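Asker: sequence? don't have it. structure:
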């Protein structure tokens, strides 16, 4: 994964959450084989979150968003774009299924970064307090496919935004 993608996600998060500091931790968490399910060829996102907690608990940050290129799942779903503690301090997003190439489409960096930002903001919303929203345009709407991610906006709806303001 290129550092430039992480930098773009950081820059976008600073725009969405202007009153917060966004820091990229220097240490990269090593990939753990005990989160990987060989049959599914995916990593169990809840187990990755547990590893993240142990890895970064000594850092001086309030919330941690992990970013991986590995495909993630939870047992009840075929895949997840990410997972977050709700509310909590840890979340992770996977870039794997956010790339147009995953769906046999040509590479599109602008679309890829936009999708990555939507998933990052969505997971941070969960960490801070929000559940899923019923408004399909709201960033907190549950996306169970990439088309739903593309449809929602990179902003909170009129019901979710006041809740976010109280937490940031």
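Answerer: Thanks, I have it. Quick caveat: nothing in here was measured; it's all calculated off a predicted structure.

Asker: gap between the residue nearest to residue 133 when sequence neighbours are not counted and residue 159?
Answerer: The shortest distance from residue 133 to any non-neighbouring residue, by C-beta to C-beta, 6 or more residues apart in numbering, is to residue 140 (3.9 Å). Glycine gets a C-beta too; all of them are placed from N, C-alpha and C. Taking C-beta to C-beta, to the nearest Å as the measure, residue 140 falls 9 Å from residue 159.

Asker: give me the more crowded residue out of those two.
Answerer: A count of neighbours by other C-beta atoms under 10 Å puts residue 140 above the other of residue 140 and residue 159, at 22 against 13.

Asker: how about residues contacting the host helix or strand of residue 147?
Answerer: According to DSSP states H and E, residue 147 maps onto helix 146-151. Outside helix 146-151, the residues that touch it by C-beta atoms under 8 Å, 6 or more residues apart in numbering are 81, 97-98, 103, 111, 115, 118-119, 136-137, 141-143.

Asker: could you rerun that using 6 Å?
Answerer: Here helix 146-151 makes contact (C-beta atoms under 6 Å, 6 or more residues apart in numbering) with 115, 118, 143.

Asker: so where does the residue located most distally from the centre of the chain fall, helix or strand?
Answerer: The C-alpha centroid of the chain is most remote from residue 39, which lies 24.0 Å away (C-alpha atoms, centre = their mean). Residue 39 belongs to no helix or strand when assigned by DSSP H and E.

Asker: and the pLDDT at it?
Answerer: For residue 39, the model assigns a pLDDT of 95.

Asker: buried ones in the helix holding residue 147, by neighbour count?
Answerer: Burial within helix 146-151, assessed by neighbour count using 16 or more other C-beta atoms under 10 Å, is assigned to 146, 149.

Asker: residue 90 against residue 49, yeah?
Answerer: Yes - using C-beta atoms under 6 Å, residue 90 is in contact with residue 49, at 5.1 Å.

Asker: by contact count, what packs against the lengthiest helix in the chain?
Answerer: The helix that spans the most residues within the chain, counting by DSSP state H, is helix 109-128. Helices and strands touching helix 109-128, by 3 or more C-beta pairs under 6 Å, 6 or more residues apart in numbering; DSSP states H and E, are helix 3-16, strand 82-84, strand 90-94.
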